[in-house]
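> Model the structure of this input:
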Amino acid sequence: MKAHRTKRSGWQDTTRRSMSSKRQMDHLERTAKDSRQNALYPAQVCGIINESETVKRLRIAVPPDFSFKAGQWVDFFIPGVETVGGFSMCSGPGLLQREGVVELAVKYSKHPPAHWIHTACSVGSQVAMRVGGDFFFDPLPSGSAVDLLLVAGGVGINPLYSILLHTSDLLHLNRASGGRDYNIGSAHLCYSAKTMQELLFKSSIVEACREFPDKFSCDFHITQQSTDVDPHLQPFLNRGRITEEELQAHVDPQRTLCFLCGPPPMIEAISKTLMDLGLPKDRILFEKWW
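You can find the predicted model right below:
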């Protein structure tokens, strides 16, 4: 992508300060070898939604030439906060095309960028973002179909929700064109969290499964006791962790492409299980965020 050139600004000064401060470089260090766009875009918070008791979802208006692929993240620059954040987008490219907006869902923590989002951010706040990451789903119209297996733990749902939304948008395009655009396979989501309340986006995930029952399916897993189960979620709910049997039912070594995002121990265990089930290593893509 061609770099977005602007006059020298405070954002570039922020970038330089952050790159020179080893103590604050956790996200930048961890992703130093990942692909990044050159462009750093000014952006403005245009909406804040309490997604759960611990997660805020930001709607962020971006310039017309901002672009990303479903599953990617942004370097997140905040005026007056030296630490650079790293957050996966939870919206799909379709929302960007329709409304000029991207969304981030950020869990509360003492990490300075997340803490700012939960304690100081407001509608109208100015930020800047740079897109990066090699974890994405961006099928070509002429590409062969793959079956997606999406496995999420906790807020690791964010990039996988983006991929699910993008797949849904492509299916809508196909429906409008009589199936002449994209060759889309199926998508199954395995999503684990401690409680029902921590399962983000659950209602819209279920809606997508009901809209495209021949394409989308999901299994929610909660690992701690929960009594307040919404009846319309009951058919999708499982107690306990994701099992080998469930994964096996959705693995075809020739067709399945798996995206994993969650705590590193979960990713390592599930990656090993998938390889034991015959899924080639190069068809298992993962993002470790904490």
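> make it CA atoms for all contacts and neighbour counts henceforth
Will do.
> Which parts of the stretch 51-200 of the chain are strands?
Taking DSSP state E, counting those that start in this stretch, the strands of the stretch 51-200 of the chain run over residues 55-61, 73-78, 81-88, 101-107, 126-132, 147-153, 187-193.
> Tell me which of the ones you listed sits nearest to residue 220.
Counting by C-alpha to C-alpha, residue 220 lies closest to strand 187-193 out of the strands of the stretch 51-200 of the chain; the figure is 5.0 Å.
> hmm, back to that, same list, the strands of the stretch 51-200 of the chain, but as a markdown table with mean neighbour count please.
What follows is these, written out as a markdown table (neighbours: other C-alpha atoms under 10 Å):
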| stretch | mean neighbour count |
| --- | --- |
| strand 55-61 | 21 |
| strand 73-78 | 23 |
| strand 81-88 | 22 |
| strand 101-107 | 23 |
| strand 126-132 | 20 |
| strand 147-153 | 24 |
| strand 187-193 | 24 |
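> looking at the ones you listed, which is closest to residue 228?
Distances from residue 228 to each of those were compared using C-alpha to C-alpha; the minimum, 14.6 Å, belongs to strand 187-193.
> Direction included, what does the closest one pair against?
Using DSSP bridges, the strands paired with strand 187-193 in its sheet are strand 147-153 (parallel), strand 216-222 (parallel).
> want to try CSV for these, with mean pLDDT and distance to residue 252 as columns?
Formatted as CSV, the strands paired with strand 187-193 follow (pLDDT from 0 to 100; distance: least, C-alpha to C-alpha, whole Å):
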stretch, mean pLDDT, distance to residue 252
strand 147-153, 97, 8
strand 216-222, 96, 16
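> got a markdown table for the strands of the stretch 51-200 of the chain, with distance to residue 254 too?
Written out in a markdown table, the entries for the strands of the stretch 51-200 of the chain read as follows (distance: least, C-alpha to C-alpha, whole Å):
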| stretch | distance to residue 254 |
| --- | --- |
| strand 55-61 | 36 |
| strand 73-78 | 28 |
| strand 81-88 | 28 |
| strand 101-107 | 33 |
| strand 126-132 | 29 |
| strand 147-153 | 9 |
| strand 187-193 | 15 |
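> For the single longest strand found in the chain, which residues meet the burial criterion?
Taking DSSP state E as the assignment, the strand of the chain that covers the most residues is strand 41-50. Neighbour-count burial for strand 41-50 flags 41-48 (criterion: 16 or more other C-alpha atoms under 10 Å).
> Which pair in the residues you listed has the greatest spatial separation?
Using C-alpha to C-alpha, the buried residues of strand 41-50 reach their maximum pairwise distance at 41 and 48, which is 19.7 Å.
> So the closest residue to residue 139 other than its chain neighbours versus residue 114, what's the distance?
Spatial nearest neighbour of residue 139, chain neighbours left out: residue 182 (7.9 Å); criterion: C-alpha to C-alpha, 6 or more residues apart in numbering. Relative to residue 114, residue 182 is positioned 37 Å away (criterion: C-alpha to C-alpha, to the nearest Å).
> next one: residue 257
Applying C-alpha to C-alpha, the value for residue 257 to residue 114 is 31 Å.
> What of residue 231?
The value you get for residue 231 to residue 114, if C-alpha to C-alpha is used, is 33 Å.
> Let me know the secondary structure of residue 286.
Following DSSP: H, G, I helix; E, B strand; the rest coil, we place residue 286 in the strand state.
> Tell me how many other residues surround residue 29.
As a burial measure, the neighbour count of residue 29 was computed by other C-alpha atoms under 10 Å and equals 11.
> quick one: pLDDT of residue 24?
In this prediction, residue 24 carries a pLDDT score of 42.
> still on that earlier bit, to residue 263, which of the strands of the stretch 51-200 of the chain lies closest?
Across the strands of the stretch 51-200 of the chain, residue 263 has its closest neighbour in strand 147-153 (6.6 Å, C-alpha to C-alpha).
> so what's the nearest residue to residue 187 once chain neighbours are set aside up against?
The shortest distance from residue 187 to any residue other than its chain neighbours is 4.4 Å, reached at residue 148 (C-alpha to C-alpha, 6+ apart). By C-alpha atoms under 8 Å, 6 or more residues apart in numbering, the contact set of residue 148 is 185-188, 256-259.
> hmm, 7 Å instead?
Taking C-alpha atoms under 7 Å, 6 or more residues apart in numbering, we find residue 148 in contact with 186-188, 256-258.
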